[in-house]
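Student: Quick one: sequence and predicted model below, then my questions.
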2 protein chains.
Amino acid sequence: MMECKKALTENGGDFDKATEWLRARGIAKSDKRADRAASEGLVEAYVHHNGKVAVLVELNCETDFVARTDDFRALARDVAMHVAFANPLAVSVDQLPADVVERERRIYTEQVAQEGKPEAVRPKIVEGKLQKFYADSVLLEQPWVKDDKQTVGDLVKAVSGKLGEKLVVKRFVRLRLGEAV
Amino acid sequence: MMECKKALTENGGDFDKATEWLRARGIAKSDKRADRAASEGLVEAYVHHNGKVAVLVELNCETDFVARTDDFRALARDVAMHVAFANPLAVSVDQLPADVVERERRIYTEQVAQEGKPEAVRPKIVEGKLQKFYADSVLLEQPWVKDDKQTVGDLVKAVSGKLGEKLVVKRFVRLRLGEAV
């Protein structure tokens, strides 16, 4: 504790520099593996198309007990498979990059103008096109590939209700063979 | 083709703006799924620790014929499993972020000075510590978890020689449950 304070003082309060200073003196260890567990759940993998597309999904819940249930595991697997097929851009609308949303809005605004729609109805049409873009691009808004009468968000809510815990799709990664990195 | 030229002219040669212009006119489609296949190989997944850690690896080769061999599949699986256990920071030394390498170099330089080593031998000791850091942090330099007498790079070279094609570990992704994103 005293060493930490000294490290900060010696380095003008800069936390990163203080950490370096401590490591240089053998007091602190490398932070390379400093993963911090923040919640329960599973990381699930799915590979399809003869190994040309693969997905990881992290699905969180509140207790490890729920993480071990068949329903939770099935949901993790279903979400991973869905991502492999439907290739979403983000988990939720608020996780879409702002520049992507702005670009789409600009394009739709221009489209509606090109089509000569009356000024008064244009904002509503643009909003409708954005909603369609979300349903096409955002995981929780996409129709589920195994049952397109519900969205993936609906599916998560249904399983959440059944298991009695809050469930969160935290993130996904999808790799396709040969795509530009 | 004429439309593309017109789009570029109308948008001052800006390719992104021209693409937007074409989409606004219904001429071009969304580029959302514009993955481009550049090489052969496999994307392999590995999950361990009861679903708490999972890995995707893209392994490239020259022909789909080789991608379908048992040796190639076994290598993809071995590399994915290795990444799950050994948690490398990058595929190769040149893919380590420059600021990480600079930080390590600064720390080792300071360590060696603190230990009072003679000036003349310090650069060599720092270099040695950096090599150790690479062996600890870089996939191709790490001792293979299933046989630490060879590095993962040695393993890839051995399978490459056996199959008669250039093999490249293109990238990996490793997710651990609950880690900070």
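Tutor: Cool, got the structure.
Student: For residue A:18, give me its contacts.
Tutor: Going by C-beta atoms under 8 Å, 6 or more residues apart in numbering or on different chains, residue A:18 touches A:4, A:7-8, A:10-11. Any C-beta I mention is one placed from the backbone N, CA and C, and that applies to glycine too.
Student: again but with residue A:4, I slipped
Tutor: Taking C-beta under 8 Å, 6+ apart as the test, what residue A:4 contacts is A:18, A:22.
Student: Tell me which stretches of chain A form strands.
Tutor: Under the criterion DSSP state E, chain A carries strands at the ranges A:40-48, A:53-61, A:143-144, A:147-151, A:168-176.
Student: can you give me the helices for chain A?
Tutor: A:2-10, A:15-24, A:64-67, A:70-86, A:98-114, A:122-137, A:152-163 (DSSP state H).
Student: What are the buried residues along the fourth one?
Tutor: By neighbour count, and taking 16 or more other C-beta atoms under 10 Å in any protein chain shown as the criterion, the buried residues in helix A:70-86 are A:72, A:75-84, A:86.
Student: Show residues contacting that helix.
Tutor: Against helix A:70-86 from outside (C-beta under 8 Å, 6+ apart): A:41-42, A:44-49, A:53-57, A:59, A:61, A:66, A:139, A:142, A:144-146, A:152, A:155-156, A:159, A:162-163, A:167, A:169, A:172, A:174, B:51.
Student: so can I have TSV of the helices of chain A showing mean pLDDT?
Tutor: Shown next, in TSV, are these (pLDDT from 0 to 100):
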stretch	mean pLDDT
helix A:2-10	78
helix A:15-24	76
helix A:64-67	94
helix A:70-86	97
helix A:98-114	94
helix A:122-137	96
helix A:152-163	96
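Student: picking up where we left off before, out of the strands of chain A, which gets nearest to residue A:99?
Tutor: Within those, the stretch nearest residue A:99 is strand A:168-176; the backing value is 19.8 Å (C-beta to C-beta).
Student: Now do the closest one against helix A:70-86, angle only.
Tutor: Using axes from the mean of the first three to the mean of the last three C-alpha atoms, to 10 degrees, one finds that strand A:168-176 and helix A:70-86 are set 40 degrees apart in direction.
Student: Pull up the pairing partners for strand A:168-176, direction included.
Tutor: Strand A:168-176 pairs in its sheet with strand A:53-61 (antiparallel), by DSSP bridges.
Student: circling back: buried ones among the contacts of helix A:70-86?
Tutor: Buried among the contacts of helix A:70-86 by 16+ other C-beta under 10 Å: A:41-42, A:44-47, A:53-57, A:59, A:61, A:66, A:139, A:142, A:144, A:152, A:155-156, A:159, A:163, A:167, A:169, A:172, A:174, B:51.
Student: And residue A:69, how close does it get to chain B?
Tutor: 12 Å (C-beta to the nearest C-beta, to the nearest Å).
Student: State the number of residues packed around that residue.
Tutor: 16 (other C-beta atoms under 10 Å in any protein chain shown).
Student: Residue A:176 now?
Tutor: Using other C-beta under 10 Å, residue A:176 has 19 other residues around it.
Student: my read: residue A:135 touches residue A:152, true?
Tutor: No: taking contacts as C-beta atoms under 8 Å, residue A:135 lies outside contact range of residue A:152: 10.6 Å.
Student: Would you tell me which of the helices of chain A gets closest to residue B:21?
Tutor: Of all the helices of chain A, helix A:98-114 comes closest under C-beta to C-beta, at 7.8 Å.
Student: Which residues does that closest one contact?
Tutor: Against helix A:98-114 from outside (C-beta under 8 Å, 6+ apart): A:89, A:122, A:125-126, A:129-130, A:133, B:20-21, B:23-26.
Student: Quick check: the farthest pair among the residues you listed?
Tutor: Checking the contacts of helix A:98-114 with C-beta to C-beta, the most distant pair is A:89 and A:122, at 25.1 Å.
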